[in-house]
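here you go, sequence then predicted model.
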Amino acid sequence: MPAVKQTPLTVPSHTLLAHKLAALRDKTTPAATFRRLLAEIGAILTVEATAELEATHQTVETPLMPMSHKVLAQPEPCLVPVLRAGLGLLEGARWILPEAPVGHVGLFRDERTLSPQEYVVRLPPDLAERGAILLDPMLATGGSAVAAVDRLKQAGAKRIIFVCVVAAPEGAQKLAAAHPDVPCFAASLDERLNEHGYILPGLGDAGDRCFGT
């Protein structure tokens, strides 16, 4: 079955991904299991998100003969989790891209205004050359995602991919309107936001559930 697309949002049709997401959503899942599942989902989504990276060919000597083989045309993209919940996805993303440098963007949501507040930014010096995969489990109102992409573009990143676990239609639309050049990969496009800006049905507060706070 082909992936379900709502440009630039892609929800991969992947049974194992859906199975792990079901366990992640379960309110009885303990923090240690939640962290493991989040990492595994991060790995699957990173594979999906990097499928269209630019490629070239190089000669590889197998034990039997040389051959022309498809390889990455550029260094692995930087991995940039949005703190703190993005750290859970980062672990799995690093299984797939072990040579990728890691940056951090620290944002928290003002619970009164629902607007993002920045508190730390640390980015690799070769971000402009490599591009970035931005990692944040929740795409809710879209404010934090837009702010994080803004920050990466200010630092010179020309190729950015956004990876999340669950997205609300409102957040996906806001990100697409602000940054139509940034593809987004999510394990699920959920129903809506509630009056407090939380995704329904969602999975709760990913940071709190990941770190047991």
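Noted; the coordinates are in hand.

how about the secondary structure of Ala128?
What DSSP: H, G, I helix; E, B strand; the rest coil gives for Ala128 is helix.

excluding its backbone neighbours, what's nearest it?
The shortest distance from Ala128 to any non-neighbouring residue, by C-beta to C-beta, 6 or more residues apart in numbering, is to Gly156 (3.3 Å). To be clear about C-beta, it is placed using only N, CA and C from the backbone, and glycine gets the same treatment.

next: Tyr119.
Spatial nearest neighbour of Tyr119, chain neighbours left out: Gly106 (4.5 Å); criterion: C-beta to C-beta, 6+ apart.

secondary structure element holding the residue positioned nearest the centre of the chain?
In the chain, the residue lying closest to the centroid (C-alpha atoms, centre = their mean) is Val163, at 2.0 Å. In this structure, Val163 is located in strand 160-167 according to DSSP states H and E.

what's downstream of that strand, the next helix or strand?
Taking DSSP H and E, what comes next after strand 160-167 is helix 169-178.

tilt between the helix or strand that that next one is followed by and helix 169-178?
Elements were assigned by DSSP H and E; along the chain past helix 169-178, the next helix or strand is strand 184-189. In terms of direction (axes from the mean of the first three to the mean of the last three C-alpha atoms, to 10 degrees), strand 184-189 departs from helix 169-178 by 160 degrees.

what's strand 184-189 packed up against?
Helices and strands touching strand 184-189, by 3 or more C-beta pairs under 8 Å, 6 or more residues apart in numbering; DSSP states H and E, are strand 9-11, helix 15-25, helix 31-49, strand 160-167, helix 169-178.
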